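Enquirer: This is a predicted model, with the sequence first.
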2 protein chains.
Amino acid sequence: MNETSRAVAIEKAMLLFWKNGYAATTMRDIQRCLDMRPGSVYSAFGGKDELYEKSLRLYSDMVLTNICGNFEVASSAIEGLIQSVNFIIFPNNYRPSHICFLVKSVTELESASPYLTGIALNGLEFVRVELERQIEQVIKEDKNAQKQDKTELSILVQSQIIGLKTMLSLGCSEAQIGGMVSGMIRKIVLS
Amino acid sequence: MNETSRAVAIEKAMLLFWKNGYAATTMRDIQRCLDMRPGSVYSAFGGKDELYEKSLRLYSDMVLTNICGNFEVASSAIEGLIQSVNFIIFPNNYRPSHICFLVKSVTELESASPYLTGIALNGLEFVRVELERQIEQVIKEDKNAQKQDKTELSILVQSQIIGLKTMLSLGCSEAQIGGMVSGMIRKIVLS
DNA sequence: ATTAAACTTGAACAATCGTTCAAATTCAAA
DNA sequence: TTTGAATTTGAACGATTGTTCAAGTTTAAT
């Protein structure tokens, strides 16, 4: 197993965990999905927990890379922030659930696995810090910006993102939610 | 098993499902928690799915009863709405997770059990409709109210509630989140 | 062609899963 | 006290869980 097929395999496992959750995904599901025999999976990735951890890290890296990249090329800070939020809510690649894999992991595992929960929390905190950085830029650029604490603003934005993504799973249409994003961000960050 | 001890048993099961999730809660966990033998559980409540369904319905009824009750006794509509939201975010009774049981159920089961997911979605829609009703009252009373569609406003409020509750599980302090509730509601509903 | 290291295979393991049901027990009416 | 129905019990079922490991296969250097 070379390096690229290894990366592909971890991504497949990640999508499976993301779709079904930790407990409902069996090692046999993984084996079938990766077309690998039990022993190979264990020798390549370790057990279920280790593979889940690798899945969490892959997902975290992907999200963070994308929202940092989008912000840099925007015409203004507020537009960059809105673009970042839109990317988080509507990632262009295939996704098995509207709900963020990190949030889903914390939700499922907070009482069962402090270790895996910690890794997911870590990824979410990195995202929040990046949002705070982008909000700071908006405040510097825009005279109309809120005078509220920027950490609080970043929490408000992140929680609204998590909430709206959840609403998509609750049956709201993508069009409806998409139409609300820009206004909602401006309402929170600008006065 | 009389009627009240039956209600107590369902509540115990609900708290266990809420804490551990559907897949990670075994019927043996339930049996130990209720101090009942396997056969008794099955004859009284049916199988795992039926018991989970009863748990969802109990939770839905409890939430809805409380937010309707709180609104009626408030001094104004906006205060009643804020009180309702505060109750959802900080219910006074014991709770095994900050994350709403209905949301947690949808998150875990949306790809595994359309039936149970549907029941959870139903409960959440009832809550949203009640929030919309309360927002409608605010708009009637308050001249400063937003002219935005009240269904959209209710989605925004509900998604913010879900988000803030999730943030509590992500490590934000109750004091910090609690301090943001009133401002956030006014920001959404009032101009 | 030989060899040793590296990888892959899949049958098998003990543990646990949701669920059943005949037997034991409890209960209430006569 | 007797009787028949209702409830409770817990051993047991087949299926499935995460994981292991001896045996088989592939790989690459000599």
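Expert: Everything's here; your move. Numbering: from 1, shown residues only, chains lettered A, B, ... in the order given.
Enquirer: Go through chain A and flag its longest helix.
Expert: Longest helix in chain A by number of residues, with DSSP state H as the criterion: helix A:114-141.
Enquirer: Does chain B have contacts with it?
Expert: Yes: contact of helix A:114-141 with chain B (Cβ under 8 Å from any Cβ of the partner chain) involves A:Leu121, A:Leu124, A:Glu125. From N, CA and C alone the C-beta is placed, and that goes for glycine too.
Enquirer: Most neighbours among these, which one?
Expert: The member of these surrounded by the most neighbours (other Cβ atoms under 10 Å in any protein chain shown) is A:Leu124, with 22 neighbours in all.
Enquirer: quick one: A:Asn2 from A:Ala44, how far?
Expert: Distance, A:Asn2 to A:Ala44, by Cβ to Cβ, to the nearest Å: 11 Å.
Enquirer: Looking only at neighbour counts, state which of those two leads.
Expert: The residue with more neighbours, out of A:Asn2 and A:Ala44, is A:Ala44; 14 against 7, by other Cβ under 10 Å.
Enquirer: List the contacts of the spatially most central residue of chain A.
Expert: Nearest to the geometric centre of chain A sits A:Cys100, at 4.7 Å (Cα atoms, centre = their mean). For A:Cys100, the contact set (Cβ atoms under 8 Å, 6 or more residues apart in numbering or on different chains) comprises A:Val63, A:Ile88, A:Leu124, A:Ile162, A:Lys165.
Enquirer: switch the cut-off to 10 Å
Expert: Listed by Cβ atoms under 10 Å, 6 or more residues apart in numbering or on different chains, the contact set of A:Cys100 reads A:18, A:59, A:63, A:88-89, A:91, A:106-107, A:120, A:123-124, A:127, A:161-162, A:165-166, B:166.
Enquirer: List phi and psi for it.
Expert: Dihedral pair for A:Cys100: phi -50, psi 130, per degrees, to the nearest 10.
Enquirer: Which pLDDT value belongs to it?
Expert: Per-residue pLDDT puts A:Cys100 at 96.
Enquirer: Then A:Asn70?
Expert: With respect to pLDDT, A:Asn70 has a value of 83.
Enquirer: any idea how far it is from A:Asn86?
Expert: 9 Å.
Enquirer: Could you do A:Glu136 as well?
Expert: Distance, A:Glu136 to A:Asn86, by Cβ to Cβ: 19 Å.
Enquirer: now swap in A:Met14 and tell me
Expert: 22 Å.
Enquirer: which one of the two has more residues nearby?
Expert: Set A:Met14 next to A:Asn86 and count neighbours by other Cβ under 10 Å: A:Met14 wins out with 21 against 16.
Enquirer: Only the buried residues of whichever strand or helix holds the more buried one, if you could.
Expert: Element membership for A:Met14 (DSSP states H and E) is helix A:3-20. By 16 or more other Cβ atoms under 10 Å in any protein chain shown, the buried positions in helix A:3-20 come out as A:Ala9, A:Ile10, A:Ala13, A:Met14, A:Leu15, A:Leu16, A:Phe17, A:Trp18, A:Lys19, A:Asn20.
Enquirer: cool, and stretch A:167-181?
Expert: Buried residues in stretch A:167-181 (16+ other Cβ under 10 Å): A:Met167, A:Leu168, A:Ser169, A:Leu170, A:Cys172, A:Ile177, A:Met180, A:Val181.
Enquirer: which residues does A:Ser182 contact?
Expert: Applying Cβ under 10 Å, 6+ apart to A:Ser182 gives the contacts A:Ile78, A:Glu79, A:Ile82, A:Gln83, A:Val85, A:Asn86.
Enquirer: for A:Ser154, same thing?
Expert: So A:Ser154 contacts A:Val127, A:Arg128, A:Val129, A:Glu130, A:Leu131, A:Glu132, A:Arg133, A:Gln134, A:Ile135, A:Glu136, A:Ile188, A:Val189 (Cβ under 10 Å, 6+ apart).
Enquirer: That'll do, ta.
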